[in-house]
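*Asks:* Everything below, folded, please.
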Amino acid sequence: MNENNPVKITDLTLRDGHQSLFATRMTTEDMRPIMEKMDSIGFYSVEVWGGATFDVMTRFLNEDPWDRVRIFKQKMPNTKLQMLLRGQNLVGYRNYADDVVEAFVERAASSGIDMFRVFDALNDERNFISSFKAIKKHGKQIQGSVSYALTERKLGGPIFTIDYYVKKARIIEEMGADSFCIKDMAGIISPYDAYDLVTALKSNLKIPVHLHTHYTSGMASMASLKAIEAGVDGIDTCIAPFALRSSHAPVEPILVTLQDTPRDPLLDLKKFPEINDYLESVIPRYVQFSDTTRFSVIDIGVLMHQIPGGMISNLVSQLKQAKALHRLYEVFEEIPRTRADMGYPPLVTPTSQIVGVQSVLNVIAGRYKMITKEVKDYFYGLYGRPPAPVNPEVQKKALKGYDRGETPINVRPADILEPELNKAKEAIKDISDKMEDVLIYALYPMTGLEFLKKKYAR
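*Replies:* The predicted structure is shown next:
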């Protein structure tokens, strides 16, 4: 591999970086001063939208998410703008009807999104069909992703093998993806596993392969380097002040590491100090949203039990409310059992919350004495097909008296959903008839409606 093959760098500072460190609270106003400087660096793409940004902007920041994208497009004309799309979940917490998916993708594409990184919490590729079709229709790029999950500490075991990921990747390629992403949301891919997996993917796929991994466990920079050695086409990083902890590997040390090698990304290190200084200057406004409970930059718990940091904070607050915080370790022991009953879903939004809440109830009230609505929906098949078969006894218990019926579905979840757009238009017709506003309401009927009332001073 002597010929030059610069690794492509996707920057996540202004989306996943502040989502991971500061609860997604960074305002567009605080992003604006560095947009043009970031545009001049030469990143392969910059992720600026999707994930939790949409929800947080309407719920807490009182900002219109559609405006943010248009400002980025205007200020960063030379860089591909990327968003994270949760497949049929879009940027919400359940599967939406196909008409909502089509309208959302059309609006996102026309507002300035060039590349859609699409994932599904269960790796059920049927949940990609609508969004892939819409993205292709509007001439934008699809980066199909697989949520990286394990049952052991390292790659292997009964489900999550190299073969599992290669098969999923080939299906995603056949469905029309322009590139493929290993999406390691919990930061659990170890360096040699990254090397082996990328090697296998590169020899089986024609499309480029990207690695997305979080720094949570402390392995991200090492995993990225081994992936680069294995020929990965692109990696995700953040600018240093918004890197590390539950965010991502910092870009600057990687640039120096790869300098004068065939994989040198050829980005100018001298352009970074000014952006670093600016980011440092705004951080004091957001420190209140960061995790200051520990001094350690890494969470060794993830190396032991693979529970993502955000999921643990939810468990802690749930146990505090129930005055049962002393039972946290019982919950840690229960999570793998509940997850096994549910067919080993990867722990990412929304499955991490579904598994976590049920595990707490199993510890406090007794196993499946209380079952949440989301768990019933899950066992019915409303989220899709899990990676492995579910526990039939638990499924039967969950679906007893379930309002949609006691026999689970095996079709694509969206096939049983009624169109939703016209109802949403009707619901806000006295406030607005703009499609962007209709979509805000369709995605979040309660918090979205509150936002629209404020926006139009109703």
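
*Asks:* what sits up against the lowest-mean-pLDDT helix or strand in the chain?
*Replies:* The least trusted helix or strand in the chain, going by mean pLDDT, DSSP states H and E, turns out to be helix 309-321, with a mean of 80. Defining contact as C-beta atoms under 8 Å, 6 or more residues apart in numbering, one finds that helix 309-321 is touched by 216, 246, 291, 299, 301-302, 307, 325, 327-328, 331, 347, 352-353, 356-357, 359-360. Backbone N, C-alpha and C define where each C-beta goes, glycine included.

*Asks:* Tell me which other helices or strands the strand or helix carrying residue 108 touches.
*Replies:* Following DSSP states H and E, one finds residue 108 within helix 98-111. The contact analysis (3 or more C-beta pairs under 8 Å, 6 or more residues apart in numbering; DSSP states H and E) places helix 98-111 against helix 65-75, strand 80-85, helix 129-137, helix 421-427, helix 435-443.

*Asks:* what about 7 Å?
*Replies:* The contact analysis (3 or more C-beta pairs under 7 Å, 6 or more residues apart in numbering; DSSP states H and E) places helix 98-111 against helix 65-75, helix 129-137, helix 421-427, helix 435-443.

*Asks:* For the residue nearest the centre of the chain, list the residues it contacts.
*Replies:* Residue closest to the average C-alpha location in the chain (C-alpha atoms, centre = their mean): residue 51, at 5.6 Å. Shown in contact with residue 51 (C-beta atoms under 7 Å, 6 or more residues apart in numbering): 15, 16, 19, 84.

*Asks:* Would you mind confirming that the third one is in contact with residue 54?
*Replies:* Same thing as residue 19. No: the criterion here is C-beta atoms under 7 Å, and residue 19 misses it with residue 54 at 11.1 Å.

*Asks:* show me the contacts for residue 170.
*Replies:* Residue 170 neighbours (C-beta under 7 Å, 6+ apart): 204, 205.

*Asks:* re earlier: I'd like the next helix or strand past the helix holding residue 108.
*Replies:* Heading C-terminal from helix 98-111 (DSSP H and E), you reach strand 115-118.

*Asks:* Identify the residues contacting that following strand?
*Replies:* Taking C-beta under 7 Å, 6+ apart as the rule, strand 115-118 contacts 45, 80, 82-85, 87, 128, 131-132, 135, 140-145, 181.

*Asks:* Over to stretch 410-428?
*Replies:* Contacts of stretch 410-428 with the rest of the structure, by C-beta under 7 Å, 6+ apart, involve 88, 95-100, 103, 126-127, 129-130, 381-384, 409, 437-438, 441-442, 452.

*Asks:* Now that stretch: buried residues?
*Replies:* 412, 413, 414, 417, 420, 421, 424, 425, 428 (16 or more other C-beta atoms under 10 Å).

*Asks:* what do you get for stretch 387-394?
*Replies:* In stretch 387-394, counting by 16+ other C-beta under 10 Å, buried: 387, 390, 391, 394.

*Asks:* and the closest residue to residue 232 other than its chain neighbours, what is it in contact with?
*Replies:* Excluding its sequence neighbours, the residue lying closest to residue 232 (C-beta to C-beta, 6 or more residues apart in numbering) is residue 198, at 4.7 Å. By C-beta under 7 Å, 6+ apart, the residues touching residue 198 are 209, 211, 227, 230, 231, 232.

*Asks:* Buried ones among those residues?
*Replies:* 209, 211, 227, 230, 231, 232.

*Asks:* Kindly reformat the residues you listed as CSV and extend each row with pLDDT and distance to residue 283.
*Replies:* What follows is those, written out as CSV (pLDDT from 0 to 100; distance: C-beta to C-beta, whole Å):
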residue, pLDDT, distance to residue 283
209, 98, 33
211, 98, 27
227, 98, 29
230, 98, 34
231, 98, 36
232, 98, 30
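
*Asks:* Hmm, residue 55 and residue 63 touching each other?
*Replies:* No: taking C-beta under 7 Å as the definition, residue 63 is not a contact partner of residue 55, at 11.6 Å.

*Asks:* rewinding a little: in terms of pLDDT, where does the residue nearest to residue 232 sit?
*Replies:* For residue 198, the pLDDT comes out at 98.

*Asks:* for the one 4 residues further on, same thing?
*Replies:* Listed pLDDT for residue 202 reads 98.

*Asks:* That one - that's part of a strand, no?
*Replies:* No: if the criterion is DSSP: H, G, I helix; E, B strand; the rest coil, then residue 202 is helix and not within a strand.

*Asks:* now the closest residue to residue 15 other than its chain neighbours, what's its secondary structure?
*Replies:* Nearest in space to residue 15, with sequence neighbours left out and distances taken as C-beta to C-beta, 6+ apart, is residue 47 at 4.3 Å. Using three-state DSSP, the structure places residue 47 in strand.

*Asks:* ok, now how distant is residue 47 from residue 240?
*Replies:* 17 Å (C-beta to C-beta, to the nearest Å).

*Asks:* what about these two, which has more around it?
*Replies:* The neighbour comparison of residue 47 against residue 240 (other C-beta atoms under 10 Å) goes to residue 47, with 27 against 18.

*Asks:* Let me see the contact set for the more buried one.
*Replies:* 10, 12, 15, 16, 82, 83, 84.

*Asks:* rerun at 6 Å
*Replies:* 12, 15, 82 (C-beta atoms under 6 Å, 6 or more residues apart in numbering).

*Asks:* With residue 113 instead?
*Replies:* So residue 113 contacts 81, 83 (C-beta under 6 Å, 6+ apart).

*Asks:* could you redo the last one with a cut-off of 10 Å?
*Replies:* The neighbours of residue 113, taking C-beta atoms under 10 Å, 6 or more residues apart in numbering as the test, are 48-50, 69, 72-73, 80-83, 85, 105, 107, 135, 138, 140-141.

*Asks:* swap in residue 252?
*Replies:* Residues in contact with residue 252 (C-beta under 10 Å, 6+ apart) are 237, 239, 240, 243, 267, 269, 272, 273, 276.

*Asks:* If any of those residues are buried, give me the ChimeraX selection for them.
*Replies:* With 16+ other C-beta under 10 Å as the criterion, this ChimeraX line picks the buried residues out of the contacts of residue 252:
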select :237,239,240,243,267,272,276
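
*Asks:* Export the contacts of residue 252 as a markdown table, with columns for secondary structure.
*Replies:* Formatted as a markdown table, the contacts of residue 252 follow (three-state DSSP):
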| residue | secondary structure |
| --- | --- |
| 237 | strand |
| 239 | coil |
| 240 | helix |
| 243 | coil |
| 267 | coil |
| 269 | helix |
| 272 | helix |
| 273 | helix |
| 276 | helix |
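
*Asks:* Reformat the contacts of residue 252 as a markdown table; add pLDDT and distance to residue 194.
*Replies:* Formatted as a markdown table, the contacts of residue 252 follow (pLDDT from 0 to 100; distance: C-beta to C-beta, whole Å):
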| residue | pLDDT | distance to residue 194 |
| --- | --- | --- |
| 237 | 98 | 15 |
| 239 | 98 | 22 |
| 240 | 98 | 22 |
| 243 | 98 | 18 |
| 267 | 98 | 22 |
| 269 | 97 | 24 |
| 272 | 98 | 25 |
| 273 | 98 | 30 |
| 276 | 98 | 27 |
